[in-house]
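> Return a 3D structure for these sequence lines:
(one chain, ligands or ions: 1)
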Amino acid sequence: MDSFLAAMFSSEQQERYCLDCMGYFLMFTAACTFFTLLFENVPYGRHASSKYGFPVHVKLAWFVQELPALAVPLCLLRTSAAKTAQLPNALLIAMYCTHYVQRCLIYPFLIRGGKATPVGSCALAFVFCVYNGYMQIRYLSHYAEYPTGWVTHPCFITGSALWLVGWLVNLHSDHILRTLRKPGETGYQIPRGGVFEYVSGANFLGEITEWAGFALAGCSVHSTSFSIFTLVVLASRAVAHHRWYINKFEDYPKSRKALIPFVF
Ligand SMILES: NC(=O)c1ccc[n+]([C@@H]2O[C@H](COP(=O)([O-])OP(=O)(O)OC[C@H]3O[C@@H](n4cnc5c(N)ncnc54)[C@H](OP(=O)(O)O)[C@@H]3O)[C@@H](O)[C@H]2O)c1
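Now for the predicted structure:
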């Protein structure tokens with residue numbers, strides 16, 4: 001990996017500049033995605049569409065598309081990673097890797113009866129995971145410099161707490177969804193319990209909170225752009241799911257909102 005990166009960039013300044021540009025480009029992509037998603041649903045699961053290519057088995061799709069989010073960082077951490085011994089950098093890398101160990105190596109194999117994923121959707125997620133895996137972990141392991149005592153700064157403490165709460169809400173909500181189906185079932189039921197009592201997109205609210213916390217703790221264009229992109233994609237999905245539930249279930253809880261409890 002070291003020799004590959006040396007061939008790609010003539011200096012550390014050049015790579016650092018490229019990483020910053022990647023962060024700004026992801027923000028631009030999030031803005032474009034926002035406008036696209038005003039007219040389209042994110043095309044997988046119950047909103048899958050054949051116009052995005054042939055269907056891939058859901059477990060295979062999730063494993064393959066999320067794999068680079070873990071594999072690229074692991075390769076980068078094996079290189080001469082100058083900053084990994086710094087506590088803030090190590091903790092932020094641990095947050096990122098903890099999420100993706102679960103998402104890549106555990107989540108796909110727990111899915112019950114999920115819809116096949118269109119290959120186009122799977123390919124886009126794969127590209128995103130390569131891009132974001134490199135941007136987050138190369139920045140944190142090689143370039144990010146935090147002031148002394150950053151781990152006791154209110155931004156880091158609040159961000160880390162949000163990351164943890166968001167991750168737990170995400171895991172719990174995905175668990176609730178899974179238990180709605182017995183092995184072999186593929187239909188839908190009204191989710192009950194946990195944060196689903198307040199919003200239709202409880203798993204999405206958890207993940208949005210998680211990466212917002214990561215952005216606050218990391219305070220960089222790289223973590224912020226990831227958080228904004230996640231917000232755009234998952235807010236759209238929460239709204240689409242909420243509308244879908246209201247149309248499908250006459251007894252859908254009236255007080256339940258799409259994404260923000262009591263508000264939206
Ligand atoms: N960071 C990001 O940008 C990002 C992007 C996308 C997803 N994610 C995360 O990945 C995870 C999965 O996302 P997703 O979009 O697939 O979530 P989802 O649409 O809520 O579906 C999750 C799983 O639960 C099943 N399910 C959902 N609602 C159900 C119901 N009412 N009754 C029975 N089964 C139900 C789905 O089956 P079907 O497939 O049959 O619908 C699917 O297997 C979430 O934790 C999400 O936060 C993150």
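
> Going by C-alpha atoms from here, please, whenever you check contacts or count neighbours.
Noted.

> what about the residue in the stretch 151-264 of the chain that the ligand sits nearest to, how many neighbours?
The stretch 151-264 of the chain approaches the ligand most closely through residue 188 (3.5 Å), counting by CA to the nearest ligand atom. Using other CA atoms under 10 Å, residue 188 is surrounded by 13 other residues.

> Would you state the secondary structure element containing it?
Assessed by DSSP states H and E, residue 188 sits outside every helix and strand.

> what are the phi and psi values for it?
Main-chain dihedrals, residue 188, degrees, to the nearest 10: phi -120, psi 150.

> pLDDT of whichever helix or strand residue 16 is part of, averaged?
Using DSSP H and E, residue 16 sits within helix 12-36. Summarised as a single mean, pLDDT over helix 12-36 is 98.

> Toward the C-terminus, what is the element adjacent to it?
Later in the chain than helix 12-36, the nearest helix or strand by DSSP H and E is strand 55-56.

> partners of that following strand in the sheet?
Each strand paired with strand 55-56, and its direction, by DSSP bridges: strand 117-118 (antiparallel).

> buried stuff in the helix or strand that the partner strand is followed by?
Downstream of strand 117-118, the next assigned helix or strand under DSSP H and E is helix 119-138. Judged by neighbour count using 16 or more other CA atoms under 10 Å, the buried positions of helix 119-138 are 119-122, 125-126, 128-138.

> Give me the residues contacting helix 119-138.
By CA atoms under 8 Å, 6 or more residues apart in numbering, the surrounding residues in contact with helix 119-138 are 19, 22-23, 43-44, 52-56, 61-62, 64-70, 72-73, 76-77, 93, 222-223, 226.

> Got a PyMOL select line for the buried ones in those?
Filtering the contacts of helix 119-138 down to the buried ones (16+ other CA under 10 Å) takes a single PyMOL command:
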select buried, resi 19+22+23+43+44+55+56+61+62+64+65+66+67+68+69+70+72+73+76+77+93+222+223+226
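
> what about residue 21, neighbour count?
15.

> Distance check, it against residue 125.
Distance from residue 21 to residue 125, counting by CA to CA, to the nearest Å: 20 Å.

> cool, residue 103 as well?
Separation of residue 103 from residue 125 (CA to CA) stands at 13 Å.

> Mind listing the shared neighbours of the two?
Joint contacts of residue 103 and residue 125 (CA under 8 Å, 6+ apart) are residue 66.

> what's the residue nearest the centre of the chain in contact with, if anything?
In the chain, the residue lying closest to the centroid (CA atoms, centre = their mean) is residue 230, at 5.7 Å. For residue 230, the contacting residues are 207-208, 211, by CA under 8 Å, 6+ apart.
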